[in-house]
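Asker: Sequence unavailable; structure follows:
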């Protein structure tokens, strides 16, 4: 673990960002303005009861803590983005930075969904019964071609995802953890 200069590996930075997100959500859910807006949306609210902060809960301190954690999260996210743009890797003969690889992974995942639909559609042909004879409508892409395209996309996705995971354990993010 890169403890010198308090730097983090990318996977550690992503875990820390998720922790910051959870802390932000917890504090926001405790603030009176969030509770009021949530209670307006809920049914069965008891209008006669009112809530007040407990003696050991200081709303001003909670808001200050929220601002501090939100600031740290922004700084951490910026450091993650900087690391993503700074790290290059090879994929299908091209050199792409980690940010491009993440966008490519998202696009490949969408493409896999589209190809899945194409395969399930190509598995059947449309038969229209008209005046005692069958009219068969062929699919634009054959079933075998659809399956081959889907498998190629899945292999590309798996390969890219493995490279991204390797990078998460190799790339160092310049961020001083608390």
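Answerer: Alright, I've got the coordinates. As the structure is a computational prediction, the values presented were derived from the model and not from experiment. Numbering: from 1, shown residues only.
Asker: Can you tell me the element the residue nearest the centre of the chain falls in?
Answerer: Compute the mean C-alpha point of the chain, and by Cα atoms, centre = their mean the closest residue is residue 106, 9.0 Å away. According to DSSP states H and E, residue 106 maps onto helix 98-122.
Asker: what about that helix, average pLDDT?
Answerer: Throughout helix 98-122, pLDDT has a mean value of 96.
Asker: Kindly report the same for stretch 73-82.
Answerer: Summarised as a single mean, pLDDT over stretch 73-82 is 97.
Asker: go on, stretch 17-26?
Answerer: Rounded mean pLDDT across stretch 17-26 is 97.
Asker: Can you show me the strands along this structure?
Answerer: 8-9, 88-91, 94-97, 126-130, 133-137, 172-173 (DSSP state E).
Asker: so the fourth one versus strand 133-137, what angle?
Answerer: Same thing as strand 126-130. Orientation of strand 126-130 against strand 133-137 (axes from the mean of the first three to the mean of the last three Cα atoms, to 10 degrees) gives an angle of 150 degrees.
Asker: What pairs with strand 126-130, parallel or antiparallel?
Answerer: Looking at strand 126-130 with DSSP bridges, its partner strands are strand 133-137 (antiparallel).
Asker: Then the last one?
Answerer: Based on DSSP bridges, the pairing partners of strand 172-173 within the sheet are strand 8-9 (antiparallel).
Asker: Which strands and helices lie in contact with the helix holding residue 106?
Answerer: helix 59-86, strand 88-91, helix 143-168 (3 or more Cβ pairs under 8 Å, 6 or more residues apart in numbering; DSSP states H and E). C-beta here means a position set from N, CA and C on the backbone, and glycine is covered the same way.
Asker: circling back: how close does the residue nearest to the centre of the chain sit to residue 161?
Answerer: Counting by Cβ to Cβ, to the nearest Å, the separation of residue 106 from residue 161 is 11 Å.
Asker: dump the residue contacts of the closest residue to residue 20 other than its chain neighbours.
Answerer: Excluding its sequence neighbours, the residue lying closest to residue 20 (Cβ to Cβ, 6 or more residues apart in numbering) is residue 73, at 4.2 Å. By Cβ atoms under 8 Å, 6 or more residues apart in numbering, residue 73 lies in contact with 17, 20, 21, 24.
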